[in-house]
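>>> Give the three-dimensional model of this entry:
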Amino acid sequence: MLHTKSVLWLALLVSAVAVPPMIAAQQDEDAAAAEEAEESQPRGRLPNHFGKIGVSEEQRLKIYGIQADYNAQVDELLAQVEELRGERDAAIEAVLTPGQRERLKELREEAARNRAARRQSE
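You can find the predicted model right below:
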């Protein structure tokens, strides 16, 4: 009888230690599979008002695919625009005298402090 209880307690202890990691591993596998399936589907947002005109699921997926195709190109062009703006601003500042550049720096720092103060008061 004592041996049977010991075996039962040992089995209970082993299952209490071994089962939770097995469950967690299975949950991780399930989550990873769900995430992988979700990533394979194109996702995005419909353009304004498209949700109100009865777009089918097939149309929705095609629209998301089109958006994905163009988004990479748009992002690349936006990066080029930012680079050009930086070059333009540097060229403009090069026209200024050292004193004007110093004053401009002070004004920008003051504006940044004012923005930060406004955000804190909100």
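
>>> what about the helices in this structure?
Ranges of helices within the chain are 2-40, 57-94, 98-121, based on DSSP state H.

>>> Out of those, which gets the lowest mean score?
Among these, helix 2-40 carries the lowest mean pLDDT, at a mean of 66.

>>> give me phi/psi at the spatially most central residue of the chain?
What sits nearest the mean C-alpha location of the chain, by CA atoms, centre = their mean, is G44, with 12.7 Å. Main-chain torsions, G44, degrees, to the nearest 10: phi 170, psi -160.

>>> Just confirm it contacts Y64, I think it does.
Yes - counting by CB atoms under 8 Å, G44 does reach Y64; the two are 4.3 Å apart. Every residue, glycine included, has its C-beta placed from N, CA and C.

>>> what's the overlap in contacts for those two?
Counting by CB atoms under 8 Å, 6 or more residues apart in numbering, no residue touches both G44 and Y64.

>>> where's N114 relative to E93, distance?
21 Å (CB to CB, to the nearest Å).

>>> now swap in R103 and tell me
Where E93 is concerned, R103 sits at a distance of 12 Å (CB to CB).

>>> hmm, back to that, tell me which residues touch the residue nearest to the centre of the chain, please.
63-64, 67-68.

>>> Save the residues you listed as TSV, and put in neighbour count and distance to S121 too.
Shown next, in TSV, are the contacts of G44 (neighbours: other CB atoms under 10 Å; distance: CB to CB, whole Å):
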residue	neighbour count	distance to S121
I63	17	42
Y64	16	41
Q67	16	38
A68	12	41
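
>>> Redo those residues as a markdown table? Include distance to A79.
Output for the contacts of G44, formatted as a markdown table (distance: CB to CB, whole Å):
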| residue | distance to A79 |
| --- | --- |
| I63 | 24 |
| Y64 | 23 |
| Q67 | 18 |
| A68 | 18 |
